[in-house]
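Q: here are the coordinates; sequence isn't available:
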Ligand code: 2HA
Ligand code: ZN
């Protein structure tokens, strides 16, 4: 067996969590990431028939039975993941009726997966249905994105269009816009299931007064969505106190959409 700490997916997740911490998006134990893995990716490193423990999930997602995920642990600090990955991360396989996970590696000191596991698994399922290449769900607390939910309408079209107006890249990177949920109690199946529903039709979900969750085929792609939203929100927060937030107008956004062949959400421009 090869050393799992040398696996490319492990190295990539470690450098990603270090980077996100330094960006100030993951204070204390804030944020969580899960990655769908294939058995072929993990079998050189771990014996898939050696189960360490079984962990309960608060809802059953039978469609995911047999699937493997690398998931950040509950209560773990992004700041420390690369220093002690075997404590902070786990590899799980969904089993039974879809309401249990077998721990195959990690959570070394009796830990478990993120408290947001229902949102992660539900979001994976919805993204996998429309995109066979889907792999990553990433949740963080980017400062300006949260700040914007304090001062801006939470209506999805309005929120998305303000972001598009802030800098040209926004509509290019997320022409389908962003989804938004009002404030809800976090780490609860209620917010998890409501979030999964949003991922039927969006790759980006903003939780008012809490943070942002994104989906991607790769860690980089998911991160790229989050940082582009955060850039738009940062510009908005910098300029809105001046009272002048006109930004890029619809006609110009349409020109960008035409120039880049973007699939902008129907009826938004
Ligand atoms: O893991 O971010 O939403 C801590 C959180 C809960
Ligand atoms: Zn959070």
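A: Thanks, I have the structure now. Remember, predicted model here, so these are calculated numbers, not experimental data. Ligands and ions are numbered 1, 2, ... in the order given.
Q: residues of the stretch 151-269 of the chain that sit close to ligand 1?
A: 186-187 (C-beta under 6 Å from any ligand atom). Yep, even glycine has a C-beta here, placed from its N, CA and C like the rest.
Q: what about the helices in the stretch 151-269 of the chain?
A: With DSSP state H, counting those that start in this stretch as the criterion, the stretch 151-269 of the chain has helices at 156-166, 169-173, 189-198, 219-239, 250-260.
Q: and the residue nearest the centre of this structure?
A: residue 138 (2.2 Å; C-alpha atoms, centre = their mean).
Q: which one of the helices of the stretch 151-269 of the chain lies nearest to residue 34?
A: Comparing the helices of the stretch 151-269 of the chain against residue 34 with C-beta to C-beta, the closest turns out to be helix 219-239 (10.4 Å).
Q: how big is the angle separating the closest one from helix 156-166?
A: Angle, helix 219-239 to helix 156-166, by axes from the mean of the first three to the mean of the last three C-alpha atoms, to 10 degrees: 80 degrees.
Q: could you name the helices and strands sitting against helix 219-239?
A: helix 8-22, strand 136-140, helix 143-151, helix 156-166, helix 169-173, strand 204-207, strand 211-216 (3 or more C-beta pairs under 8 Å, 6 or more residues apart in numbering; DSSP states H and E).
Q: how close does the residue of the stretch 151-269 of the chain found nearest ligand 1 get to residue 6?
A: With C-beta to the nearest ligand atom, the shortest gap between the stretch 151-269 of the chain and ligand 1 falls at residue 186, namely 4.2 Å. Distance of residue 186 to residue 6, given as C-beta to C-beta, to the nearest Å: 34 Å.
Q: give me the more crowded residue out of those two.
A: Comparing residue 186 with residue 6 by other C-beta atoms under 10 Å, the one with more neighbours is residue 186, at 15 against 10.
Q: so how far is residue 51 from the nearest residue to that one once chain neighbours are set aside?
A: Spatially, and ignoring its direct neighbours in sequence, residue 186 is nearest to residue 210 (6.0 Å; C-beta to C-beta, 6 or more residues apart in numbering). Distance, residue 210 to residue 51, by C-beta to C-beta: 34 Å.
Q: between the two, who's got more neighbours?
A: For residue 210 versus residue 51, the count of surrounding residues by other C-beta under 10 Å is larger for residue 210: 19 against 14.
Q: residue contacts, that one?
A: Neighbouring residues of residue 210 by C-beta atoms under 8 Å, 6 or more residues apart in numbering: 141, 146, 183, 186.
Q: same check on residue 113?
A: For residue 113, the contacting residues are 34, 55, 71-74, 90, 92, 101, 107, by C-beta under 8 Å, 6+ apart.
Q: state the pLDDT value of it.
A: pLDDT for residue 113: 98.
Q: over to residue 245?
A: The model's pLDDT for residue 245 equals 84.
Q: neighbours of the spatially closest residue to it that is not a sequence neighbour, how many?
A: Spatial nearest neighbour of residue 245, excluding adjacent residues (C-beta to C-beta, 6+ apart): residue 239 at 5.7 Å. Counted with other C-beta under 10 Å, residues neighbouring residue 239 total 14.
Q: residue 169 versus residue 239, what's the distance?
A: Taken as C-beta to C-beta, the span from residue 239 to residue 169 is 16 Å.
Q: same question, residue 260
A: Taken as C-beta to C-beta, the span from residue 260 to residue 169 is 10 Å.
Q: swap in residue 150?
A: Distance of residue 150 to residue 169, given as C-beta to C-beta: 24 Å.
Q: likewise for residue 131?
A: 22 Å.
Q: kindly report the same for residue 17.
A: 24 Å.
Q: show me which of those two is the more surrounded one.
A: residue 17 (28 against 13).
Q: hang on, the more buried one packs against residue 30?
A: No: between residue 17 and residue 30 there is no contact under C-beta atoms under 8 Å: 11.4 Å.
Q: name the residues contacting each of these two.
A: residue 78.
Q: name the nearest residue to residue 165, sequence neighbours excluded.
A: residue 247 (2.7 Å).
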